[in-house]
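> I would like the atomic coordinates for the input below:
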Amino acid sequence: MTNGILFFFLALCLFGTLNATEIEKSPVRVLTFANFDDAVEAGPLLVEFYAPWCGHCQTFEKSYENVAAQLRPKGIPVAKVDGSSQKLLSMRFGIKGYPSFFFINEGEVFSFKGVRNEANMVKFALEQEGAFKESSKKISHLWQYAGIAYQEFAEIAEVVRAGQLSPVTLAAIALAGMAIMWTVLGGLVNLLTRPPPVRPAAPPGPPKRD
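Next up is the predicted model:
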């Protein structure tokens, strides 16, 4: 009897170890309400909201792991949330059906709307990440231009106060300054008027079943 109980516990421990190893090997991270915000704050993230009973989710499970394996070298983590049990997160993202996919970066949320396959999912994540980096680069360049313009105007102001420039030169400098300012302002307008990201809306009701 004692040997039977001991064998049972050994088998249970072995099963738990194998199961944990299998989970660790999965490139898809499992998120809950407790660790979701930490994962989002860490950087860009592709996340799936799924349900265990969802047939489409089960069919796409292996493909989603392949997506994670392809995005890992690019520095984009891939995760999933059981929306049927993590109801607060489902409400927060307005989940209406499973599976639902989102790319999150710096507080901006983009919803995947295309045909669900590996290639489209990888393309979606890379495009959103690339667009975010491009916007950040443009903002950085605009600040550089603004800093250069400020330094130039400060130097010109000193020369003007000293009375060392002719009217023609002053006019040329003024035109150049206006051109620089229009470039900076035009870039800011372009960034501020770009289409906003797709953000999750409030859910009208509970998620539908397949």
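
> Now do the strands in the protein.
For the chain, the strands defined by DSSP state E cover 28-31, 45-50, 78-82, 100-105, 108-111.

> Same list (the ones you listed) but as JSON lines, adding distance to residue 127 and mean neighbour count.
For glycine as for every other residue, the C-beta is placed from the backbone atoms N, C-alpha and C. Shown next, in JSON lines, are these (distance: least, C-beta to C-beta, whole Å; neighbours: other C-beta atoms under 10 Å):
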{"stretch": "strand 28-31", "distance to residue 127": "20", "mean neighbour count": "17"}
{"stretch": "strand 45-50", "distance to residue 127": "12", "mean neighbour count": "24"}
{"stretch": "strand 78-82", "distance to residue 127": "15", "mean neighbour count": "22"}
{"stretch": "strand 100-105", "distance to residue 127": "9", "mean neighbour count": "22"}
{"stretch": "strand 108-111", "distance to residue 127": "9", "mean neighbour count": "17"}
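
> Compare the ones you listed and give me the one nearest residue 175.
Checking the strands of the chain against residue 175 by C-beta to C-beta gives strand 108-111 as the closest, at 38.4 Å.

> Partner strands of that closest one, with direction?
Each strand paired with strand 108-111, and its direction, by DSSP bridges: strand 100-105 (antiparallel).

> one step back: arrange the strands of the chain in CSV, one row each, with mean pLDDT as further columns.
Formatted as CSV, those follow (pLDDT from 0 to 100):
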stretch, mean pLDDT
strand 28-31, 97
strand 45-50, 97
strand 78-82, 97
strand 100-105, 95
strand 108-111, 92
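
> Relative to residue 91, tell me which of those strands wins on proximity.
The nearest among these, by C-beta to C-beta, is strand 45-50 at 11.1 Å.

> Which neighbouring elements make contact with that closest one?
helix 55-71, strand 78-82, strand 100-105, helix 118-161 (3 or more C-beta pairs under 8 Å, 6 or more residues apart in numbering; DSSP states H and E).

> CA-only coordinates of that strand in PDB, if you can.
Output in PDB follows, covering the C-alpha atoms of strand 45-50 (Å, rounded to 0.1, in the frame of the first residue of the first chain):
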ATOM      1  CA  LEU A  45       3.500  43.000 -27.500                       C
ATOM      2  CA  LEU A  46       1.300  40.900 -29.800                       C
ATOM      3  CA  VAL A  47      -1.500  39.400 -27.800                       C
ATOM      4  CA  GLU A  48      -4.300  37.000 -28.500                       C
ATOM      5  CA  PHE A  49      -7.600  36.700 -26.600                       C
ATOM      6  CA  TYR A  50      -8.800  33.200 -26.800                       C
END
